[in-house]
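Undergrad: The following block contains a protein sequence and its predicted model.
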Amino acid sequence: MMRRYICLLLAVVLLGTAASAEAGERGSSGVAYEIFVGSFADSDGDGIGDLRGIEEKLGYIAALGVDMLWLTPIHPSPSYHHYDVTDYYAVAPEFGTMEDFDSLISACGERGISVILDLVVNHTSSEHPWFLQAAASLAGDGSDPMVSRYRFTQGSGQHVVPGAEDWYYEGQFGYHMPDLNLDDSQVRDEIGKIISYWQGHGVKGFRLDATTSYYTASPVRNAEFIRFLNETAKSNDPDCYLVGECWSDEQTILGLYSSGIDSLFDFPAADVNGTLIQSTLKGNGASVARRLGAWNEALVDTAPGSMDAPFLTNHDLARAYGMLRGQLPLMKVAAMLYLFLPGRPFVYYGEEIGMSGSGRDENKRLPMLWSAEDAAQNCLPPADADQNQRLKAGVDAQKDDPDSLLNWYRQLIALRALAPELAHGSMTALDTGENALCAFTVSGEGTVAVLINASTTAELTLDLDSMGLADAEILGCAGTNAETFAEKHVFPPVSCTILRVD
Ligand code: CA
């Protein structure tokens with residue numbers, strides 16, 4: 001019932017987007033942008049990125065063309081990354097105030113940008129008042145109701161409860177992150193309140209942290225818990241968007257889609273060994289069309305209405321810079337290969353300018369490089385980072401350079417906005433016999449074709465007749481221009497086009 005309602009609503013939204021694109025306005029790109037809050041933009045000079053800093057950069061974000069921001073956890077926490085929360089109903093003081101948050105939401109709304117928050121409910125901080133109260137109780141008679149909120153065991157276990165040494169607790173991510181007992185009705189009630197609270201502040205969705213760890217080694221129960229989260233969020237707002245972190249293989253990811261969640265990150269396509277980077281390194285665009293086409297078919301069969309969430313890297317992965325040897329043409333190819341895929345692509349902040357970072361986690365979260373010349377424009381790196389930024393051209397140097405990676409991302413995302421089918425359509429790989437060419441169609445309300453030359457050296461001459469695209473209308477090109485392409489069907493290295501088939 002709910003899904004039918006959502007599909008109907010979606011059809012209306014898509015029709016609206018198509019109509020506005022015909023009228024010459026740019027539609028919604030359907031591309032999201034992940035911001036590691038402490039490293040993005042600092043408004044008050046303390047070196048730590050904050051919410052006002054993000055608001056001050058909304059012009060930059062809007063020019064990039066994304067229409068959704070995922071903010072890593074904004075709540076109070078003892079750690080720099082904030083994935084161990086001590087208060088789910090507050091903004092960390094170093095990031096600002098609730099007023100700053102409301103102001104950011106309102107400013108985003110004016111630009112048609114929605115905001116999703118990281119929902120970290122596999123565990124809390126070991127300094128969360130719930131855990132402190134439960135631990136204190138276990139040191140005595142253990143009768144406090146908070147005790148049932150965590151996974152305590154007597155006699156043996158993972159981590160010793162401080163002050164109650166016969167008691168232990170589960171903490172899959174370490175002693176400072178005690179796992180919540182997600183079967184506890186108080187915990188579920190509390191999570192429901194947290195979701196409603198932030199929806200009340202204008203949040204349009206959540207990124208679910210660590211979904212495979214909710215119940216260790218129990219995919220069925222993980223799917224059940226995601227279903228609870230999804231239904232809770234959508235009971236307040238049917239359009240609330242949920243995207244989950246399932247850092248696993250295709251089979252496990254497919255299993256979790258049975259929960260009804262909108263999206264799960266496409267980890268098999270990401271990272272150094274994933275389809276996107278490997279195909280980029282080999283100049284093999286055809287393999288991306290084949291693999292993602294098969295994956296899309298599986299998703300359409302198993303979870304109709306869901307959206308893939310492709311990405312190159314995130315805050316837990318090394319930056320693409322190192323994987324692609326810092327080479328601009330390769331970074332441009334990788335961008336083409338993920339930004340036109342069906343679903344909702346996610347760009348990790350700094351990916352669009354080609355930032356570096358690998359090794360320890362802090363290096364993967366280095367300050368957004370607003371300027372390589374003027375360090376005062378950038379945040380300070382996380383305290384334990386042991387690499388410097390290797391990128392030599394920041395936003396200030398790239399924004400007016402037509403050949404920069406930043407302007408490439410802007411072009412590609414603007415191109416994607418012309419094809420609303422890419423959000424929810426069915427993908428079919430086109431077999432052209434040309435390895436460098438990533439060619440596929442996506443059908444929804446209409447049908448578009450995406451053609452990408454993933455070679456950094458070879459020019460291709462395309463036979464549009466044999467691909468069934470002879471009569472297709474060229475919506476736009478990057479790396480070549482529509483006139484040249486229409487006349488000769490010659491496709492330079494590192495170029496792409498989107499065509500409307502019907
Ligand atoms: Ca600050």
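TA: Now that the structure is in, tell me what you want to look at. Here the structure is a predicted model, which means the values were calculated and not measured.

Undergrad: can you tell me which residues contact whichever residue of the stretch 401-502 of the chain sits closest to the ion?
TA: Using C-beta to the ion, the closest approach of the stretch 401-502 of the chain to the ion is made by Leu406 at 23.6 Å. In short, each C-beta sits where N, CA and C put it, glycine included. The neighbourhood of Leu406, defined by C-beta atoms under 8 Å, 6 or more residues apart in numbering, consists of 64, 352-353, 395, 398-399.

Undergrad: next one: Trp167
TA: Residues in contact with Trp167 (C-beta under 8 Å, 6+ apart) are 138, 142, 152-154, 157, 160-161.

Undergrad: rewinding a little: which among the contacts of Leu406 gets closest to the ion?
TA: Using C-beta to the ion, the shortest approach to the ion within the contacts of Leu406 belongs to Val395, at 18.1 Å.

Undergrad: Just give me the neighbour total for the closest one.
TA: 20 (other C-beta atoms under 10 Å).

Undergrad: Now it. Nearest residue, chain neighbours left out?
TA: Beyond its immediate neighbours in the sequence, the residue positioned closest to Val395 (C-beta to C-beta, 6 or more residues apart in numbering) is Trp370, lying 5.0 Å away.

Undergrad: Now do the same contact list for the one you found.
TA: Counting by C-beta under 8 Å, 6+ apart, Trp370 makes contact with 41, 377-378, 394-396.

Undergrad: Does it belong to a helix, a strand or coil?
TA: Put simply, Trp370 is coil when judged by DSSP: H, G, I helix; E, B strand; the rest coil.

Undergrad: Assign a three-state SS to the nearest residue to Phe40 once chain neighbours are set aside, would you?
TA: Distances taken as C-beta to C-beta, 6+ apart put Gly49 closest to Phe40, at 4.2 Å, once the chain neighbours are dropped. Classification of Gly49 using three-state DSSP returns coil.

Undergrad: isn't Gly49 right next to Glu55, touching?
TA: No - here Gly49 does not reach Glu55: they are 11.7 Å apart, not a contact under C-beta atoms under 8 Å.

Undergrad: Same drill for these two, tell me which one is more crowded.
TA: Between Gly49 and Glu55, Gly49 has the larger neighbour count (other C-beta under 10 Å), namely 28 against 21.

Undergrad: Could you pull up the contacting residues of the more buried one?
TA: 35-42, 95, 367-368, 379.

Undergrad: Roughly how far does the closest residue to Trp247 other than its chain neighbours sit from Cys246?
TA: Spatial nearest neighbour of Trp247, chain neighbours left out: Phe267 (5.3 Å); criterion: C-beta to C-beta, 6+ apart. Phe267 sits 7 Å away from Cys246, going by C-beta to C-beta, to the nearest Å.

Undergrad: can you check Thr484 too?
TA: 43 Å.

Undergrad: again with Gly274
TA: For Gly274 relative to Cys246 (C-beta to C-beta), the value is 14 Å.

Undergrad: With Ala62 instead?
TA: Here Ala62 is placed at a distance of 30 Å from Cys246 (C-beta to C-beta).

Undergrad: who's more crowded, these two?
TA: Neighbours around Ala62 and Cys246, counted as other C-beta under 10 Å, are more numerous at Cys246. The numbers are 23 against 15.

Undergrad: Thr212 is in contact with that one, correct?
TA: Yes - checked against C-beta under 8 Å, the pair Cys246 and Thr212 is within contact range at 5.5 Å.

Undergrad: quick one: Ile474 is in a strand?
TA: Yes - counting by three-state DSSP, Ile474 is part of a strand.

Undergrad: What sits closest to it if chain neighbours are left out?
TA: Ile474's closest residue in space is Ala482 (C-beta to C-beta, 6+ apart), at 4.7 Å.

Undergrad: do Thr461 as well
TA: Distance criterion C-beta to C-beta, 6+ apart; nearest residue to Thr461, sequence neighbours excluded, is Val490 at 5.4 Å.

Undergrad: For the stretch 401-502 of the chain, which segments count as strands?
TA: 426-429, 437-443, 447-453, 460-461, 473-478, 490-491, 495-500 (DSSP state E, counting those that start in this stretch).

Undergrad: for those, which one ends up most surrounded?
TA: Among the strands of the stretch 401-502 of the chain, strand 447-453 has the highest mean neighbour count (mean count of other C-beta atoms under 10 Å), at a mean of 25.

Undergrad: picking that back up, Met336: which of the contacts of Trp167 is nearest?
TA: Nearest to Met336 among those is Gly157, at 49.3 Å by C-beta to C-beta.

Undergrad: which residues does the residue nearest the centre of the chain contact?
TA: The chain has Phe346 as the residue nearest its centroid, 3.8 Å off, counting by C-alpha atoms, centre = their mean. Counting by C-beta under 8 Å, 6+ apart, Phe346 touches 31-34, 70, 243, 265, 309-311, 314.

Undergrad: what comes up buried for the helix or strand encompassing Gln133?
TA: Applying DSSP states H and E as the criterion places Gln133 in helix 129-139. Of the residues in helix 129-139, 130-131, 134-138 count as buried by neighbour count, 16 or more other C-beta atoms under 10 Å.

Undergrad: any low-confidence regions in this structure?
TA: Applying pLDDT under 70 to the chain flags residues 1-26.

Undergrad: partner residues bridging the closest residue to Val300 other than its chain neighbours?
TA: Counting by C-beta to C-beta, 6+ apart, Ser426 is the residue found nearest to Val300 once chain neighbours are left out, at 5.3 Å. Taking DSSP bridges as the rule, Ser426 bridges to Ser443.

Undergrad: Contacts only, for Pro93.
TA: The neighbourhood of Pro93, defined by C-beta under 8 Å, 6+ apart, consists of Pro76.

Undergrad: What's the separation between it and the ion?
TA: According to C-beta to the ion, to the nearest Å, Pro93 and the ion sit 10 Å apart.

Undergrad: Wait, a strand at that residue?
TA: No - Pro93 is assigned coil when assessed by three-state DSSP, not a strand.

Undergrad: Around the residue nearest to Asn378 when sequence neighbours are not counted, count how many other residues there are.
TA: Distances taken as C-beta to C-beta, 6+ apart put Pro367 closest to Asn378, at 4.3 Å, once the chain neighbours are dropped. By other C-beta under 10 Å, the residues close to Pro367 number 27.

Undergrad: go on, Gln199?
TA: Neighbour tally, Gln199, other C-beta under 10 Å: 18.

Undergrad: Assign it to helix, strand or coil.
TA: Under three-state DSSP, Gln199 comes out as helix.

Undergrad: from what I can see it touches Ser235, true?
TA: No - the criterion here is C-beta under 8 Å, and Gln199 misses it with Ser235 at 10.2 Å.

Undergrad: tell me which parts of the stretch 401-502 of the chain are close to the ion?
TA: Residues of the stretch 401-502 of the chain found near the ion (C-beta under 5 Å from the ion): none.

Undergrad: Thanks a lot, see you next time.
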